[in-house]
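Asker: Take this sequence and fold it.
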Amino acid sequence: MERRNAALRLNLRSNLALLALLLASTIAHAGNGPLVLPASLSYGFQPVGTASAVQVVSVYNTGKTSFAVNSVSLTGTGYALVSGSAPVTVAAGSHADFGITFTPPQSGTGNGSVKFTFSSSAPFSINLSGVGTDPLAVASLNTTQLTFAAQPLGTASAGQALTITNTGTDIFNLSSVTVTYPFSQTGFTASTPIKPGKALTLTVSYFPTALAAQYGELQLTFNKVASKVVNLSGSGSPATALGITSFPTLPSATQSYAYQAQLTSAAGVVPITWSLASGSSLPSGLTLSTSGTITGSVASTVAVGNYPVTVQVTDSNVPPSTASAVMTVPVYAKTGAACNNISWNIAGTTNPLVPISDLGTNTYLGAEEGGLYANGSNSRPSDDDSYGVGLAQGIQPLDSNGNPSPTGKYVMVAIGLSAPQQLFDEFVSLTSGDTSLNPSLVIVNGATGGATANLLTNSSSAFWTVIPNNYLPNAGVTAKQVVAAWVNDVDGGPSGTFPTDMTNLQSQLETISQILLTTFPNIKVAYFSSFNYTGYSNGVADLDPEPYAYESGFAVKNAIQDQLNGNANLNYNPALGPVLAPWMSWGPYYWTNGMIPRSDGLVWTCQDSKSDGTHPSNPVGRIKAATQLLNFFKTDDTATPWVLAPPK
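Answerer: Numbers count the residues shown, from 1 in each chain. The predicted structure follows:
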């Protein structure tokens with residue numbers, strides 16, 4: 001699932017230092033003078049010798065006195081400043097805009113930067129990136145969609161062929177292949193040249209992990225051809241015989257640190273017993289219990305790599321049935337995070353936190369009942385769901401002024417701070433070119449590092465202004481075309497004692513919902529998520545430690561419940577009075593207690609987190625979280641009418 005060559009990855013320690021620098025810069029600039037947004041500009045794939053559309057970067061004055069932008073300088077071949085100039089004075093509460101284009105002189109990645117100097121603060125730079133594409137190199141696929149028939153749990157599908165053919169006259173390289181869980185590919189291991197008239201065939205397989213429709217993406221990136229995406233879909237069916245249902249690649253382990261993985265099976269007569277096949281062994285320090293749990297700490301002598309192990313399960317049938325499978329345990333080096341925190345307990349107890357979606361009618365600390373909705377339920381009330389479906393079915397393309405237009409577009413925008421910003425970047429990348437999506441849909445990442453829930457309660461904040469001023473125009477759309485939002489935000493750290501701190505966050509999320517409507521007057525629906533597991537941050541960083549990340553789910557739940565209970569300040573139904581907020585709902589809930597599997601099997605390993613233990617890692621954590629978004633928006637009945645392409 002690697003998207004980038006290992007040689008191109010930054011050292012993890014450097015990543016941590018860079019993160020600290022970015023956070024410090026964001027905080028300093030957010031409340032005291034210049035704030036440069038967006039934090040980077042990406043021009044995507046641009047034909048050699050052709051100028052891109054103008055993208056705008058702005059210098060916002062978040063202070064109380066004016067300052068001057070003394071100079072603007074660009075590095076990197078092909079980048080040009082086409083609007084805005086320096087020196088220029090920026091008044092308090094105002095901003096200065098600078099338009100930049102990218103005209104690649106040759107094929108391949110072209111990186112650059114734009115540096116601003118100021119009259120009263122340190123210089124600040126943002127990164128520029130783009131890829132020049134070669135018009136003579138043409139990658140053609142035999143298909144853009146692979147659909148797998150219903151597959152019994154515990155079995156792998158037959159492979160399907162994906163062929164990449166060079167139908168141009170210049171050679172190009174297939175640089176990387178990303179496949180989302182629970183799909184896999186064989187045929188690609190490293191950057192591979194494809195000559196004109198030649199082809200490379202990959203084999204894609206599906207291993208079902210649930211009795212439900214499952215969606216994924218396969219992304220192909222090239223050195224001088226625009227990336228391509230193949231939509232993947234399949235569904236699990238009941239097991240027909242005793243079988244091992246765990247995905248063949250187990251959760252990742254970390255050298256010298258604790259580990260846990262739970263093996264699962266289906267269709268056997270209980271009780272069942274697990275064992276290692278004769279001659280097979282786990283990495284040193286790990287053991288398999290008869291109940292199917294792999295535990296222990298990986299020995300420091302275990303080298304980084306993938307370790308195959310054959311496990312078998314035996315049921316109590318007469319005579320007993322047995323099934324076996326080769327599983328792989330990936331072992332990685334320590335990330336810099338607190339990799340021992342493979343799960344988190346309730347304060348003062350040895351009881352592990354239970355995901356809200358698995359808690360049911362039980363309570364957390366006697367204060368909050370489980371379930372994403374009331375009475376321990378994870379399903380929307382039927383009348384609320386019906387209203388949401390009606391709104392979804394009424395979404396239609398809009399022109400730039402928000403008027404219905406068959407040639408218009410509609411927009412889903414992300415709102416939040418750095419962690420959702422990073423995973424939504426992955427979501428945008430994975431879905432770019434996905435032909436199963438409605439061609440009228442434009443997906444825009446409006447999340448920004450440092451945009452905490454507290455700051456977003458101020459509708460005048462630059463973190464709101466940057467969305468209609470920069471993010472949306474840079475994507476070729478306007479605020480009046482936004483019809484949906486995905487919101488994922490917190491205050492960036494513990495701010496009190498539960499449940500008081502979550503009452504405060506709940507109020508902030510409700511205010512954010514109201515601001516969504518005033519910022520995007522045609523918005524219909526808003527989906528909220530809470531954070532991923534952040535236990536690996538404890539003792540390393542104090543950005544959003546547990547159990548705060550877990551508890552933030554109750555703030556989301558109660559904000560949505562306030563609307564369900566008829567709070568007039570969140571009214572979305574014009575028949576009941578002034579509309580003051582969009583229809584609110586849970587989006588994907590992807591918190592899980594580290595390596596304790598959730599009821600749907602989801603785990604969060606140390607390798608899924610960056611070295612700060614909070615942000616999803618690049619790429620594996622971002623891909624895992626983005627896949628949760630992908631499956632939600634492709635299956636939820638209030639999203640599919642406007643997310644998916646209409647049937648042909």
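
Asker: Tell me where the model's unsure across the stretch 201-350 of the chain.
Answerer: Within the stretch 201-350 of the chain, the set of residues satisfying pLDDT under 70 is empty.

Asker: how about the strands in it?
Answerer: Using DSSP state E, counting those that start in this stretch, the strands found in the stretch 201-350 of the chain span residues 213-222, 228-237, 243-244, 253-254, 258-262, 265-266, 273-276, 286-288, 293-297, 305-314, 322-332.

Asker: ok, and for the last one, which residues are buried?
Answerer: Of all the residues in strand 322-332, those buried under the rule 16 or more other C-beta atoms under 10 Å are 322-325, 327, 329-332. For the C-beta atoms, the positions are set from N, CA and C on the backbone; glycine is no exception.

Asker: got it, and stretch 261-281?
Answerer: Using 16+ other C-beta under 10 Å as the test for burial, stretch 261-281 gives 261-268, 272-276, 280.

Asker: repeat for stretch 525-544
Answerer: 525-538, 540-541, 543-544.

Asker: Also stretch 515-527?
Answerer: So stretch 515-527, judged by 16+ other C-beta under 10 Å, has buried residues 515-517, 519-520, 522-527.

Asker: swap in stretch 91-103?
Answerer: Neighbour-count burial for stretch 91-103, counted by 16+ other C-beta under 10 Å, picks out 95-96, 98-103.

Asker: Secondary structure class of Ser552, three-state.
Answerer: helix (DSSP: H, G, I helix; E, B strand; the rest coil).

Asker: Tell me, how many residues neighbour Val389?
Answerer: 17 (other C-beta atoms under 10 Å).

Asker: What is the subsequent helix or strand relative to the helix or strand harbouring it?
Answerer: Element membership for Val389, per DSSP states H and E: helix 382-394. Helices and strands here follow DSSP H and E; after helix 382-394, the next one along the chain is strand 410-416.

Asker: what's in contact with that following strand?
Answerer: 395-398, 420-421, 424, 427, 440-447, 451, 456, 467, 471-472, 475, 477, 481-489, 512, 516, 520, 642-643 (C-beta atoms under 8 Å, 6 or more residues apart in numbering).

Asker: Repeat the analysis, applying 7 Å as the threshold.
Answerer: Applying C-beta atoms under 7 Å, 6 or more residues apart in numbering, the contact partners of strand 410-416 are 395, 397-398, 420, 424, 440-447, 451, 467, 472, 477, 481-489, 512, 642.

Asker: and if you look at stretch 281-290?
Answerer: So stretch 281-290 is contacted by 253, 259, 273-274, 276, 294-299, 301-302, 307, 309, 311, 329, 331 (C-beta under 7 Å, 6+ apart).

Asker: How far does stretch 342-362 stretch from one end to the other?
Answerer: 23 Å (C-alpha to C-alpha, to the nearest Å).

Asker: Can you list the buried residues in it?
Answerer: So for stretch 342-362, counting by 16+ other C-beta under 10 Å, buried means 342-344, 353-357, 359.

Asker: How about stretch 623-642?
Answerer: Neighbour-count burial for stretch 623-642 [16+ other C-beta under 10 Å]: 623-634, 636, 638-639, 641-642.

Asker: Domain-wise, how is the chain divided?
Answerer: Segmentation of the chain into domains, based on automatic domain parsing, reads 32-132, 139-237, 243-332, 394-643.

Asker: tell me the mean pLDDT over the last one?
Answerer: When the per-residue pLDDT values of domain 394-643 are averaged, the result is 96.

Asker: Can you list phi and psi of Cys339 for me?
Answerer: phi -70, psi -10 (degrees, to the nearest 10).

Asker: do the same with the one 4 residues further on
Answerer: With angles defined as degrees, to the nearest 10, Ser343 sits at phi -160, psi 170.

Asker: List the contacts of it.
Answerer: Counted by C-beta under 7 Å, 6+ apart, Ser343 has contacts 352, 593-596.

Asker: wait, Tyr181 sits on Gln628?
Answerer: No. Assessed by C-beta atoms under 7 Å, Tyr181 is found out of contact with Gln628, at 10.2 Å.

Asker: How many residues are close by the residue lying closest to Thr627 once chain neighbours are set aside?
Answerer: Leaving aside its sequence neighbours, Thr627 sits nearest to Thr180 (C-beta to C-beta, 6 or more residues apart in numbering; 4.6 Å). By other C-beta under 10 Å, the residues close to Thr180 number 22.

Asker: Tell me the pLDDT of Thr180.
Answerer: Reported pLDDT for Thr180: 96.

Asker: what sits against it?
Answerer: 216-217, 623, 627.

Asker: Could you pull out the buried residues of the helix or strand containing Lys115?
Answerer: According to DSSP H and E, Lys115 maps onto strand 108-118. Buried residues in strand 108-118, defined by neighbour count with 16+ other C-beta under 10 Å: 110, 112-114, 116-118.

Asker: Could you do stretch 227-244 as well?
Answerer: So for stretch 227-244, counting by 16+ other C-beta under 10 Å, buried means 227-236, 239, 242-244.

Asker: got a markdown table for the buried residues of stretch 342-362, with distance to Phe498 too?
Answerer: Listed next are the buried residues of stretch 342-362 as a markdown table, based on distance: C-beta to C-beta, whole Å:
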| residue | distance to Phe498 |
| --- | --- |
| Ile342 | 23 |
| Ser343 | 19 |
| Trp344 | 14 |
| Leu353 | 12 |
| Val354 | 15 |
| Pro355 | 16 |
| Ile356 | 13 |
| Ser357 | 19 |
| Leu359 | 15 |
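
Asker: Return the member of these nearest to Pro208.
Answerer: Ser357 (20.4 Å; C-beta to C-beta).

Asker: On the pLDDT front, check Leu23 for me.
Answerer: 40.

Asker: I meant to write Thr26 there.
Answerer: So Thr26 comes in at 40 (pLDDT).

Asker: Same question for Ile100.
Answerer: 98.

Asker: wait, what's in contact with it?
Answerer: 41, 55, 57, 79-82, 114, 128.

Asker: now the residues you listed: which count as buried?
Answerer: 41, 55, 57, 79, 81, 114, 128.

Asker: Go through these and flag which are in strands.
Answerer: 41, 55, 57, 79, 81, 114, 128 (DSSP state E).

Asker: any chance of these in JSON lines, plus distance to Ala212?
Answerer: Below are these laid out as JSON lines (distance: C-beta to C-beta, whole Å):
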{"residue": "Leu41", "distance to Ala212": "39"}
{"residue": "Gln55", "distance to Ala212": "40"}
{"residue": "Val57", "distance to Ala212": "43"}
{"residue": "Tyr79", "distance to Ala212": "46"}
{"residue": "Leu81", "distance to Ala212": "50"}
{"residue": "Val114", "distance to Ala212": "46"}
{"residue": "Leu128", "distance to Ala212": "42"}
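
Asker: ok, so of the residues you listed, who is nearest Leu200?
Answerer: Among these, and counting by C-beta to C-beta, the member closest to Leu200 is Leu128, at 31.4 Å.
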